[in-house]
Each structure stands twice: as structure tokens, then as C-alpha cells.
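1. generate a structure from the sequence data that follows.
(3 chains)
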Amino acid sequence: MHKNATTKSYIVGFLLSIVLTLAAYFLVANHLLADKILLTSILGLAVVQLMIQLLFFLHLGKEKKPRWNLMILISFVGIILIIVVGSIIITSHLNYNMMPKDMGQYMLQEEGMQK
Amino acid sequence: MEQFLLGKLTWSALPHEWFTIGGTGAFFALGAGVIAFLTYLKRWKWLWNNWLTSVDPKKIGIMYIVVAVFMFARGALDAAMIWLQQILGASNVPGVLESQHGYLSSNHFQQIFTAHGDIMVFFVTMGFLFGLINLIVPLQIGARDLAFPFLNTLGFWLYVAGVVMINCFFLVGGEFGATGWLAISPLSELQFSPGVGVDYWIWSLQVSGIGTLIGGINFFVTILKMRAPGMTLMRMPLFTWASLCSMSLVITIFPILAITIALLTMDRFFGMHFFTTNFGGNPMMYWNLIWMWGHPEVYVLIIPSFGIYSEIVSTFSQKKSFGYSSLVAALIGVTVLSFSVWLHHFFTMGAGADINAFFGIMTMIIAIPTGMQIVNWALTMFRGRIIYSSPMYWFFGFISTFTFGGMAGVLMASPATDFQLHNSLFLVAHFHTMIVGGALFGIFAGITYWWPKVMGFRLNERLGKYAFWFWLIGFFVAFTPLYILGFMGATRRLDHYDASTGWQPLFIVAGVGLVIIMMGFAIQILQIIVSIIQRKENRDTTGDPWNGRTLEWATSSPPPFYNFAVIPEVTSRDAFWEIKKQKKTHVKYKDIELPKNTAMGIYLAGFVFLFGFAMVWHVIWLILASLIGCIACVTIKSFDENNEYTLTAAQLERMEKDREKYNFLKADVLSS
Amino acid sequence: MKATKDLPNEKTDNHKAAADERTIFGFWVYLMTDLLMFAGLFAAYAVLHNNTFGGPTTHELFNLPFALAETLILLTSSFTCGLGMLAAHKNKKNHVLAWFAVTFLLGLAFLGLELSEFSKLVSEGNTWQRNAFLSSFFTLVATHGLHITVGLLWMSICMGAVWFRGLTPGITRKLTLLSMFWHFLDIVWIFIFTVVYLMGVM
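-> Alright, predicted model coming up:
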């Protein structure tokens, strides 16, 4: 791991992370984009910063083959997506069908029906 | 003052009901017996130095299996109590003891089936599996130990701490959870379960869960990084592949279990609202999260048995495994697909047709890799010269039960059918078929197959075959009525029912089956005793009693404590088969490093247990004290650089000449 | 065959080096499991963050500049931790102590800011017992804070070891694990900042 670590890589990673953080901050603080695009953008910025830090701080992807660390990370990220996205989709369906006090709001939003 | 010292623990919590006292008495009698036995033989120091503080995975493996057998006895007793209640619970039978129907109160009945499920899944099956993997995988990959020997002993003692915790109410009092083996919310919330029962459940699973996760990481790293030179992934034995897949599942899913149980703890201990029925809590989220753990968990339990069957079919057909690559692909396929089916456990909770359809289809798809394996095993046997040993009997038992129960599972994979069968006895029969016919039979087969390697003598074959027949017949007699009852509309977890349903005769038949299974278990115990008595006649002197193909058979039986004096070079799959065909070349010994024994695993697990116990009873000072103890143990251990000792080449050469004396069961530890 | 490249060879590898490599790899696997545990917390937050039971929402409770300050402090500490590791590999004991002291102070500042945010919420009656949203918020953020606390404790023990015993290979390995842990915590914080604070204020 330490073969890949140089002062330069840490400085580059640090500066890029600051830029990405501030970018996301200003986008939200000044509401520069529409809601859905804003959401996608800040999540995208977070993912890019994740990759920057993985590369420059944790030196992932520069190890010699076989790149177990990278493969394991990718597998876990896949499972994390299943957990988080799966939970959101499933519970939104469950709430729609099963939570009576929200039902009026859902019916209005999703199907344009007044209770 | 008393409240500060003892938290919620009061004198009235101590065991005082009839069957709790019975259990307390049994534990004390057993404990007293063990203490007397050890004192009489003056074996305390030997036990401590050579077994309890050992980091040898072979010894840890044996200890896992011993504890698992004891927990199996307790879990089976719970099963017997359930069955008796269900037989006596028909409305035409007057109630006795504490109940209006049957002999158990509803609350006690619920505690018993909860404990039965948790014990069998967490402490019996996982215990057996971790035992077998510890014993066999290092030998199969040509390693001397696991990647992290200290974590191995720590993981074992955390498992023991979990065992103590789940039996704790027999010793200290309170109750157990009455919520089903997964403590469904909101029943498990404070509002509906105000006692300590669910807390005992929480902490026994959390404590042993940490141990399981640690063990999973350990096995995973070991298999990836400590294989013998030349053993590529595609040259690994199939049991090792299965262990790798199972442990990959363990490392991915046990964090989910830990956090879900932790969130329940947040609700119960800190008054939060994750899964409560009010203040915005969402009880359905609990079921979603816990089954995200729960479904892959059942694959954790079954995948190693698939590996065991592959080994056994190949050895006893005297042929290499047919379709090795597709067997590996099937194992990996099952592993990956197991993450996509969890919702089939709650089709009826209301996610709707679209979601249900997706998960129903995925559940049917996951049956395919399993089928692939069965085809490969059949083709391995085809044109082989089959030896009908007792491990092969267990394999045939698996084929007959697992296909039957598997089809029941595919039946329930359709959401429409599941709406009829969800939480019925059909479901109960299905999952017992999977775990007993699949996982447990595999464990029995594996124990029989590898017993000569570990213990140095063979098990009595005839008693083994009798035991098998009692298990198989008993299993069908016990569980076929449950399939029928499920179709008839019988719901699970009922402690009483109307006699006009006509269910009682089927429960009685099932009870007969249980008795037959118990007789099978008794014959297995007898088999072990008889085999020990007859061990000299049945000694395995070659190290290779079955004409095996994989590396574990290259060592003596039992193996020396260092496994291999010189790590073998592997040139192909079925590594030992190749070695056997080659001429024996002169070996050159080198100095080797071995890990020292350590008691720190016991101490750390002890502090973790105290932490859990203090959380159950809200004893604040003990929470803090045990936490400090844990931190102290971890810090002290991490600065212990002196944790290995060297065996010189000369010592190795001497020991190799006299393997009988230096096998791991006999050789007293060379260093402390 | 490329197959043999992934295997440690007992003939050529140094025993200790191979063991260290396994330790670092095993710790990486542990970090992945920790990440998965955080994923469960994120899933719970995602599902429950609108369940305010009539109480104040994220828009009313979160102070974005404050969160930005926390984020930049933690990011800087991750950077200084990296510089500390570079010094460790160059065997410069005093630089190691200096950089990790800075990291420690920044981490402590982060914790202080977080605790002040918590106490403000609690004093207004917005405790973790008030509703499911606050339960999930406090649990997610405080679990991260607990990891930071453990990291700080670990850091101080390591600094003590460096001070008294110098930069032995064993201690350098511990610092490697610690720095992996610290970087990992900053990565998790990126997502807490995004999902909790940024999305909360949107």
C-alpha cells in the first residue's frame, strides 16, 4: 500500500474533496437546480468524492493483482445498494398499501383521487 | 442501593416456575457432574492449557461440535415439549398443570418455540458448521492454522457466551422472549414485551453474532490468502469452495442482523421509535431488515453441506467430481441469488403484486443452481464404483428429503399459493426438511466421513446405518403429517385448537416420528461410545481410510498439531490424488512459526458477556465496568507481540518420525 | 497460467510480512462489514426520515453551514492522517506525532461540534424519543460519532506507543490500520452530509 502513497496524492485528493464538498454545498444552499436534478447531482458528487478518497487516500485500485480489496468493495457496494434501494422501494409499497393514515395523501399524490 | 447494584434484577426474578426450576436443576446437576469428573481426574490444568486456551483450529473445531451437541439436546427437548403441547392441546383434552389446554401456558409455549428456533439455528447448526470448517478447511488447503488464530478462539468463546446467555434465565431468572425465533416487531417492543425475555434474546444473538462475524472474516481471509503453493481457486476442494461461499454470506449479512437487533435495542433501552406502533415507527421495516439477514442465513447453513456432499459422492463413487466448474458456479450462483429473495418471507405483509411477483420469480430461479448440483452428483455416481458407506446413506437421505422439501418451497414461491400456506404447518415442514434433510444430514455425513481423520479411529458403521434409518424414517413420520396439516389449514405456533378440525391424530403421528428421531439420536450417542471402546480395532493407521482425493488425507490420523511439517506443492485439483500417484521424494524441513495459546479470548468474551448481561438487567455500573474491561483486554492483547513460537527443523524431523506421539489430541502444548 | 499469482509462496515470502498483509486485508474486510452496518442505518433513515409524528422536519432542524464546518474539519483530519502515515513510512517519529496530534485535535473539534448540535436539539425537546425521524437521525449520526470516539481513543493509545517505543514495525502496522479506519469514517461522513444534511435542507 505504501508504494502508492505520495504527498502529492494526498494533496490532490484533499483539494478535490474540498471542491466537491463545496460544490454540493453551494448547489443546495443557493438552490441552483431543480429538485430531482439537484438530488441526482449531490448524490453524484458524493459518489465521485467517494472514488477520489478511495483512490487518493486509500490507494484502492493501485494494488497488485488479484485486486481482492477492490473486488470485495464492489461486491459490498452492490449489496448495500440492494439493502438501501430495496428497503426504500419495498417500504414505500408497504406504506402505500398498509398505512391507513397516509393513505389519503398517497391517493391524492399517486392517483389524483380525493378521499 | 439495591437498584443501583442490581438494576432491574430482583429476587422475584429468580427461577421459580416448575419447568424453569427443572431446567435449573438439570444445568446445575450437569455442571456439578463435569466439575466432579474433572476434579477427580485432576485434569483442570490440562483442560485449561491444552483445550480451553488453545488456538489450534482442530481443537476449537471439536469444542464447537461438543457445545453444539449439548445445545442440540436442549433444542430437541424444546421440540418434544412443543409436540406434547400440540397433541394435548386439542379441545377435547382437559388441561393440566398451568394450562386450560395442554400442559403449558400460552406464554410458556411461546417461549419454548422461540428458544427452540434460536437454539437450533444459531447454536446447533452454526456451531456444527464452524466446528467442521475449523477442523477440515486448513487441512484441505494445506495450511497450519487460520489467518487470525486469536480471533478464532475469541469467536468460539463469544459463541459460548451466547450459549450461556440464551440459557441464562435458567440460572439467574427472568424469562425468555415469547416472540418467535426472530422476535417480530411490534410484539418485541417494550409495549408488548415489557419483561427481560426479548433482551435475553437480543444479547445472546448479538454476542454470538459478533463471534460469527469474526469467524466469517477469519475463514474468508484464510481461504483467500493461505492456500498451499499451486492451489489456485479452481483447484480447491469443493468443501473449501462451499465454506468460502458460506463465509462470504456470513460477512455480508451478519452486520445487517447486528444493526437490526441494535435498532430494536435502541427502542427498548433508549425509548426510541424505529419499530414501535406509534410516534412514526414502522414495524414492517423490522421484518424487511431481519429477513434481509434471515434468508441468506439459511443459505449459510446449507451451502457447506452441499460441499460435504460433493466430497462424499466423489470419494464413495471412487471418481473425481463430475462438472467441478459447474458445481463451483452453482455454489456461487446460490450465494449471489440468496440476496434477491428475502421478501418471500413476507409476501402477505402487503407489498403488493408487483413486488411480490419479482421476489416470487427470483425464489423459483434460485432452485436452479441447487438442481444443477444434484445432476452433477448423479453424473459423478454414474459409472462410478459406489461404496455404500454410512456417509453415502446420509447423502441418499438428503436427496430424498431435500428434493421433497425443496419442491414444497418452490410451491410457496408463488405468492398466490403462499397466501394460503404462509405461516402454516406446511411452511414449518418445509423449512425443517431443508435444515434437517439438507444441513443436518450433511453435518452427520461430514462428521462420519472425517471422524477417522480427526480422532484416529473409525466410527462403528453398523450403528451409523441404524441411526440413519431411524432419522430418515422418523423424519418422514414426523414431518409428512405437518405438510398435510398445513394443507388442512393448521397455522403454526398454535397451542390449542378445536378437536373438530381433525388435526389431533396427525399431531400424534408426528409425535411418534419425533420419538423415532430421538431414538436415532440415542443410537448416534451409542455409536460414539461403542466406537471409542472399540477404537483400537478400528484404528486408521494410514491417514487415508476412504482412499480420498483431497489434502486432508495426506496427514496422519489424527494430524500432528502443526498439520503439515512441510507445506505441500499442489499441481492439480484433487491434490492428494496426484501426490499419491507420485513417488515420495525427500522432504526438506524448515523452521516454522506457530501461534501460542492464549486465555485472552476467554477473558474478552467474558467481559462481552457481562456487558450483555448488564444491558439485559439495566445494571449501569456493570455496563461501564465491562466496557472498560473489554477495552483493556483489546489494548493489552494488541500490544502482545510475543504470540508465536518456533518449531525448529530438527524438532520437526523428530516429531514426524513419531507422529503417533505428536498428534494434536495427545501432544501437550509445547508453550503457554 | 496466471493462476499462481494470487498465492503466497512459503519459500520466498517473509513470514511476518505475509502475516501483516493478511492482517491489513482482514481489517479491510472488517471495514466492509462496518460499511454494511452503516448501510442498514442509512436504510432505516431513508425509510423513517419523514416520520416526524407532527414534530419539526429536517428543514427546520438542520443548520447547513454548521454541517459544512464539521465536514471540512473531518476532511482535513483525514488529510493530516494521511500525512502522518507518510511520515511513518519515512520513519520520522516526530512528524508522525505532530500530524497525528493535529488529526486528533481536528477529530475532537468535530466531536465537539456534533455534541453541541445534539445538545441544542435535546434542549429544544427534539430528543431521540420524540419520533422515528429523530430516532434514526440520532442513531445514524451518533453511531458515526461513536466510531470517531473509538478512533480517537485508539489514536491516543497509538501515540503513546510511538512516544515510548518508537516506530517499530508492529506499531507502524497499527497506524496503517488506524489510518484506514479514519479514512473510512470520513467516507461514511460524506454520505451522512449528503443524505442527512444536504437532502434534509433541500
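2. what is the end-to-end distance of stretch B:528-540?
-> 16 Å (CA to CA, to the nearest Å).
3. kindly report the same for stretch B:3-16.
-> 21 Å.
4. show me what it is in contact with.
-> Outside of stretch B:3-16, the residues within contact range by CB atoms under 8 Å, 6 or more residues apart in numbering or on different chains are B:21, B:23-24, B:169-174, B:196, B:614, B:617-622. Where C-beta positions appear, they are placed from N, C-alpha and C, glycine not excepted.
5. so what does the helix or strand where A:K36 lies touch, helix or strand wise?
-> Using DSSP states H and E, A:K36 sits within helix A:35-56. Where contact means 3 or more CB pairs under 8 Å, 6 or more residues apart in numbering or on different chains; DSSP states H and E, helix A:35-56 is packed against helix A:7-29, helix C:169-192.
6. anything in the longest one near chain A?
-> Yes - using CB under 8 Å from any CB of the partner chain, helix C:169-192 comes into contact with chain A via C:176, C:180, C:183-184, C:186-187, C:190-191.
7. packing partners of the host helix or strand of B:T370?
-> Element membership of B:T370, judged by DSSP H and E, is helix B:367-381. Other helices and strands packing on helix B:367-381, by 3+ CB pairs under 8 Å, 6+ apart, are helix B:283-317, helix B:324-337, helix B:390-413.
8. just name the most buried of the ones you listed.
-> helix B:283-317 (a mean of 25; mean count of other CB atoms under 10 Å in any protein chain shown).
9. angle of that helix against helix B:324-337?
-> 170 degrees (axes from the mean of the first three to the mean of the last three CA atoms, to 10 degrees).
10. and helix B:283-317, does that touch chain C?
-> Yes - residues of helix B:283-317 contacting chain C under CB under 8 Å from any CB: B:285, B:289.
11. same question for stretch B:190-201.
-> No - judged by CB under 8 Å from any CB, stretch B:190-201 makes no contact with chain C; its nearest approach is 11.8 Å.
12. need the contact partners of that stretch.
-> Outside stretch B:190-201, the residues touching it (CB under 8 Å, 6+ apart) are B:8, B:13, B:111, B:114, B:118, B:165-166, B:168-169, B:174-179, B:183, B:186-188, B:264, B:267-268, B:271, B:276-277, B:615-617.
13. ditto for stretch B:493-503
-> Contacts of stretch B:493-503 (CB under 8 Å, 6+ apart): B:85-86, B:89-93, B:99-102, B:104, B:106, B:109-110, B:113, B:180, B:423, B:485, B:488-490.
14. buried among the residues you listed? Make that a PyMOL selection.
-> Here is the PyMOL command that selects the buried residues among the contacts of stretch B:493-503 (16 or more other CB atoms under 10 Å in any protein chain shown):
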select buried, chain B and resi 85+86+89+90+99+101+102+104+106+109+110+113+180+423+485+490
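15. what packs against the helix or strand hosting B:G606?
-> Secondary structure assignment for B:G606, by DSSP H and E: helix B:600-617. Secondary-structure packing of helix B:600-617 (3+ CB pairs under 8 Å, 6+ apart): helix B:149-166, helix B:197-225, helix B:620-638.
16. how about A:L58, secondary structure?
-> coil (DSSP: H, G, I helix; E, B strand; the rest coil).
17. circling back to that earlier point, quick one, the helix holding B:T370 and helix B:324-337 angle?
-> Per the same axes, to 10 degrees, the angle that helix B:367-381 makes with helix B:324-337 is 160 degrees.
18. grab the CA positions of helix B:367-381 and hand them over as PDB.
-> Taking Å, rounded to 0.1, in the frame of the first residue of the first chain, the C-alpha atoms of helix B:367-381 are listed here in PDB:
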ATOM      1  CA  ALA B 367     -33.800 -23.600  -7.200                       C
ATOM      2  CA  ILE B 368     -31.900 -24.000 -10.400                       C
ATOM      3  CA  PRO B 369     -28.300 -24.000  -9.100                       C
ATOM      4  CA  THR B 370     -29.300 -26.500  -6.500                       C
ATOM      5  CA  GLY B 371     -30.800 -28.700  -9.200                       C
ATOM      6  CA  MET B 372     -27.500 -28.400 -11.100                       C
ATOM      7  CA  GLN B 373     -25.600 -29.800  -8.200                       C
ATOM      8  CA  ILE B 374     -27.900 -32.800  -7.900                       C
ATOM      9  CA  VAL B 375     -27.400 -33.500 -11.600                       C
ATOM     10  CA  ASN B 376     -23.600 -33.300 -11.200                       C
ATOM     11  CA  TRP B 377     -23.700 -35.600  -8.200                       C
ATOM     12  CA  ALA B 378     -25.800 -38.100 -10.100                       C
ATOM     13  CA  LEU B 379     -23.300 -38.000 -13.000                       C
ATOM     14  CA  THR B 380     -20.400 -38.400 -10.600                       C
ATOM     15  CA  MET B 381     -22.100 -41.600  -9.400                       C
END
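19. list the buried ones in that helix?
-> B:367, B:369-370, B:372-374, B:376-377, B:379-381.
20. return the member of those nearest to chain C.
-> B:N376 (22.4 Å; CB to the nearest CB).
21. closest to the centroid, which residue in chain A?
-> Against the mean C-alpha coordinate of chain A, by CA atoms, centre = their mean, the closest residue is A:L43 at 4.5 Å.
22. how many neighbouring residues does the closest residue to that residue other than its chain neighbours have?
-> Distances taken as CB to CB, 6 or more residues apart in numbering or on different chains put C:T194 closest to A:L43, at 6.5 Å, once the chain neighbours are dropped. Residues contacting C:T194 under the criterion other CB atoms under 10 Å in any protein chain shown number 24.
23. per-residue pLDDT, C:T194?
-> pLDDT, C:T194: 96.
24. do the same with C:D13
-> Predicted confidence (pLDDT) for C:D13: 51.
25. possible to save the helices and strands packed on helix B:367-381 as TSV with mean pLDDT and distance to chain A?
-> Below are the helices and strands packed on helix B:367-381 laid out as TSV (pLDDT from 0 to 100; distance: least, CB to the nearest CB, whole Å):
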stretch	mean pLDDT	distance to chain A
helix B:283-317	96	5
helix B:324-337	96	9
helix B:390-413	94	17
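26. near chain B, which residues of chain A?
-> A:68, A:75-76, A:79, A:82-83, A:86-87, A:89-91, A:93-98.
27. where does pLDDT dip in chain A?
-> Counting by pLDDT under 70, chain A has low-confidence residues at A:1-5, A:101-115.
28. so the residue of chain C at minimum distance from chain B, which of the three states?
-> Proximity of chain C to chain B (CB to the nearest CB) peaks at C:N51, 3.0 Å away. Following three-state DSSP, we place C:N51 in the coil state.
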